[in-house]
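Asks: sequence below, structure please.
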Amino acid sequence: MLELVKAGGWPMIPLLILSALALALIVERAWTLRRKAVIPPGLGVEVREWAAGGKLDPAHIDTLRRTSPLGTLLAAALDVRNRPRDQIRERIEDVGRHLVHRMERYLNTLGTIAAAGPLLGLFGTVVGMIQMFLGILDHGIGDVNQLAGGIGKALVCTATGMIVAIPALIAHRWFRGRIAEYIVDMESEAILLLDTIEPRPASAKVAPGAHGITPPVSAS
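Replies: The predicted structure is shown next:
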């Protein structure tokens, strides 16, 4: 492995840095975007039970806000629970956008690594080929086997760039899809909570004679 790194020359240095950075980002996002860390199981049911039982004191809401992204979203809805439904939905959408931005943290960097890896690898290969042909210009072709070996060494950078880019691209797409799935689930939990905390309209009084019932006529 060390020989291959040496064969690639100095263009291997940025590729190795990108590979280490991509690995660190993948591990960090995989840990942060665990399902139980984003949408703890049973949290939505517990919060709806709080709302149904009237246990919505500020301490409960602050504790909920610190649990997870889902807890933050539900706490935002509870903060404005006494407002009209459209205003509560607007607050949920505003907080949801911030949460999505937070969950997508570092994904742009990971996508950039996936795009830049092959380009850096190709750049290293071009630099190696240029050096090899300049050597041929000065000293002649010489041994054909040695020439083939030089071409093979120049292609090391291309292979390294692909090795860096492919896992980064797969992880980037996978994290994007996982976040989209979380968004749908969080929206569902928010809608269920909204239905729970929405004040029910008072039942209308039934007018005399409604439902086909005729009021009794008093005797004159």
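Asks: going along the chain, name the helices of this protein.
Replies: Taking DSSP state H to define them, one finds helices in the chain at 2-8, 12-32, 35-38, 43-53, 58-65, 69-79, 85-103, 107-139, 144-154, 156-197.
Asks: tell me how far the last one lies from the chain's centre.
Replies: From the chain centre to the centre of helix 156-197 is a distance of 4 Å (C-alpha atoms, centre = their mean, to the nearest Å).
Asks: tell me what that helix is packed against?
Replies: helix 2-8, helix 12-32, helix 43-53, helix 69-79, helix 85-103, helix 107-139 (3 or more C-beta pairs under 8 Å, 6 or more residues apart in numbering; DSSP states H and E). Heads up, the C-betas are built off the backbone N, CA and C, glycines and all.
Asks: ok, back up a step: output the helices of the chain in TSV, with mean neighbour count appended to each entry.
Replies: Formatted as TSV, the helices of the chain follow (neighbours: other C-beta atoms under 10 Å):
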stretch	mean neighbour count
helix 2-8	14
helix 12-32	16
helix 35-38	14
helix 43-53	16
helix 58-65	14
helix 69-79	22
helix 85-103	15
helix 107-139	16
helix 144-154	13
helix 156-197	18
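Asks: list the contacts of the closest residue to M162 other than its chain neighbours.
Replies: Excluding the flanking residues, the one nearest M162 by C-beta to C-beta, 6 or more residues apart in numbering is P118, at 6.0 Å. Contacts for P118 were tallied using C-beta atoms under 8 Å, 6 or more residues apart in numbering; they are T158, G161, M162, A165.
Asks: pick the one among the residues you listed closest to M12.
Replies: Using C-beta to C-beta, G161 comes nearest to M12 of those, at 9.7 Å.
Asks: can you tell me how far the closest one is from L107?
Replies: According to C-beta to C-beta, to the nearest Å, G161 stands 20 Å off from L107.
Asks: with C157 instead?
Replies: In terms of C-beta to C-beta, C157 sits 26 Å off from L107.
Asks: what stretches of this structure score poorly on pLDDT?
Replies: Within the chain, the stretches with pLDDT under 70 are 1-8, 135-150, 152, 199-220.
Asks: let's see that with 50 instead.
Replies: Low-confidence segments of the chain, defined by pLDDT under 50: 201-220.
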